[in-house]
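**Student:** whatever this is, show me its structure:
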Amino acid sequence: MSKIKTIFNYYFANNHNFIKFWKKNRENKNIPHDLRIVIDEFFKSESSKFVSKYWNYLNVKHLKQIINDRGIENYANTVALNYYTFLSTNYEMEKDLLELISDENYTSNIEINKHHEGLGLENSKNYNKIVLKLFSLIKKLNLVNKLKLLSDKGFAGFNDPFLILDSIKVTSDKLNSLLDYEKFQENFPNQKFKTVLEIGAGSGRFSETFLTFNEGCKYIICDIPPSIYINYVRQKKVFSNKKIKFCFDMKTNSELLMNLKQNDVLFIFPHQIKLMENNNIDVVIAIDCIHEMEKKTIKYYFENINKFAKMIYFSVWNKTSVPLSGPFKFLSNKLDSNSRQDYQIPKEWELISNTKLYFPNNFRGISYKIKNN
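**Tutor:** Below you'll find the predicted structure:
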């Protein structure tokens, strides 16, 4: 009986039926008007077909949080906890980090006992310990001056839990994003990128970091709602001097190029990457997202990226199994970061690097030179 129930829930459960949830809740007064428009446009498009059951489940969860818990302004204590804000870790995740900061007495900092209202007492302590460890690593890597350049409008502008360390307002997102950016740079030393495509950009933490340190580059963000809307709100808040535009109505490559010329940051849906061609993009970035996709979606992205990009960098769990990608766990989408076959890497791509991230230790940063000619 339990097997029948498992199969039934996999195919029919309401908690991962994004369309059904949206039809029922579309008119809720707590959904921002612009977000409502974005989601409506999404369901009219081909992109709704690319969403895995797992991300349909998360989208329903995110919208419930937006509706019931103070909206976008409080997303750091709701939606963000589903992304990259760790409230608990284990030794496997921290092994290298702990070795690098072994001589740091971070536990003596008075901020370790700070209580964050949105997290509760126990989660606050766990969060503070992680932040203090990551800040110790930032100091070890001589990245404090770079850290100061990241804006509090984005990294502490959505009711984010934060600590004050060396007179800097610090969040785990701010620290992790800078470490991700440093690992990205290690993969492409001294290279300047004029056109960038980021897929699965989530709340926009890496997008903001990259744009902070690369003035003048053209940046395209490809994602699904509601995360793409949160990202848009964030970049508008941080970069008031940039031209930032939703481009969900683009249908041709010439429209893409025209909008890219006239703007600094574009937002598109997944089906629109088919509009790109002829090395339009210098580098594709995918931080902490590909390992949550079904294999048909990974194949779609990589086959298209192979047509228009010169380089790619992505970070993924070392080994993982995609939730809800099969009615039973043994049938789910299993992904190994060392397997080109699992990730369906085109045979022409030349591996540049496959290394551990600073944190979590069981994440890999992987880069390829795309030889699509």
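**Student:** which strands border the biggest strand by length in the chain, and is each parallel or antiparallel?
**Tutor:** Across the chain, the strand with the greatest residue count (assigned by DSSP state E) is strand 309-317. The strands beside strand 309-317 in its sheet (DSSP bridges) come out as strand 281-287 (parallel), strand 363-369 (antiparallel).
**Student:** and Phe206, which of the ones you listed is closest to it?
**Tutor:** With C-beta to C-beta, the closest approach to Phe206 among the strands paired with strand 309-317 belongs to strand 281-287: 4.7 Å. Bear in mind the C-beta positions are built from the backbone N, C-alpha and C, glycine included.
**Student:** ok, and what's touching the closest one?
**Tutor:** Contacting residues not belonging to strand 281-287 are listed as 180, 184, 188, 193-202, 206, 210, 220, 301, 305, 308-315 [C-beta atoms under 8 Å, 6 or more residues apart in numbering].
**Student:** mind giving me the ChimeraX command for buried ones among those?
**Tutor:** Per 16 or more other C-beta atoms under 10 Å, the buried members of these correspond to this ChimeraX selection:
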select :180,184,188,193,195,196,197,198,199,200,201,202,206,210,220,301,305,308,309,310,311,312,313,314,315
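**Student:** how about Trp22: what's its closest non-neighbour residue?
**Tutor:** Counting by C-beta to C-beta, 6 or more residues apart in numbering, the nearest residue to Trp22 once its immediate chain neighbours are dropped is Ile39, at 6.1 Å.
**Student:** doesn't Ser227 make contact with that neighbour?
**Tutor:** No. Look at Ile39 against Ser227 with C-beta atoms under 8 Å: they stay out of range, at 11.3 Å.
**Student:** need the residues touching each of the two.
**Tutor:** With contacts taken as C-beta under 8 Å, 6+ apart, not a single residue reaches both Ile39 and Ser227.
**Student:** right, and the helix or strand after the lowest-mean-pLDDT helix or strand in the chain?
**Tutor:** Lowest by mean pLDDT, DSSP states H and E among the helices and strands of the chain is helix 2-12, with a mean of 43. Following helix 2-12 in sequence order, the next helix or strand is helix 18-25 (DSSP states H and E).
**Student:** show me what that following helix is packed up against.
**Tutor:** Secondary structure elements in contact with helix 18-25, counted by 3 or more C-beta pairs under 8 Å, 6 or more residues apart in numbering; DSSP states H and E, are helix 33-44, helix 53-68.
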